[in-house]
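>>> Okay, structure incoming, though there's no sequence with it:
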């Protein structure tokens, strides 16, 4: 479809946040991405909470 705009989805945003956290995202993908800022903030906060929760669980497991 010529001129069809790519719909911004939360799944695309989650993929972008995870790829950015791991550091495997290419510059071309970054420049081409059309991400919704609200989705980006929500996905980033969820990722940080999951990451911190995982670290706390690992520390409790090792220290306990």
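Cool, the structure landed. The structure presented is a predicted model; accordingly, all values stated were derived computationally and were not measured.
>>> How many residues are close by residue 43?
21 (other Cβ atoms under 10 Å). Bear in mind the C-beta positions are built from the backbone N, C-alpha and C, glycine included.
>>> Which helix or strand contains the closest residue to it other than its chain neighbours?
Leaving aside its chain neighbours, residue 43 sits nearest to residue 17 (4.4 Å; criterion: Cβ to Cβ, 6 or more residues apart in numbering). Here residue 17 sits within helix 10-22, counting by DSSP states H and E.
>>> hmm, who's touching that helix?
25, 29, 33, 35-36, 39-40, 42-44, 47, 51 (Cβ atoms under 8 Å, 6 or more residues apart in numbering).
>>> do the same with stretch 49-64
Residues contacting stretch 49-64 (Cβ under 8 Å, 6+ apart): residue 21.
>>> tell me which residues in the helix or strand hosting residue 40 are buried?
Assigned by DSSP H and E, residue 40 belongs to helix 37-63. Neighbour counts over helix 37-63 (16 or more other Cβ atoms under 10 Å) mark 39-40, 43-44 as buried.
>>> Redo the residues you listed as a markdown table? Include pLDDT and distance to residue 60.
Compiled in a markdown table, the buried residues of helix 37-63 are given as follows (pLDDT from 0 to 100; distance: Cβ to Cβ, whole Å):
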| residue | pLDDT | distance to residue 60 |
| --- | --- | --- |
| 39 | 86 | 32 |
| 40 | 85 | 31 |
| 43 | 88 | 26 |
| 44 | 87 | 25 |
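>>> and which of those residues is nearest residue 8?
residue 39 (6.8 Å; Cβ to Cβ).
>>> Just want the most central residue of this structure.
A centroid search over the chain (Cα atoms, centre = their mean) returns residue 17, at 1.9 Å, as the residue closest to the centre.
>>> Return the distance of that residue relative to residue 57.
Residue 17 is 21 Å from residue 57, where distance means Cβ to Cβ, to the nearest Å.
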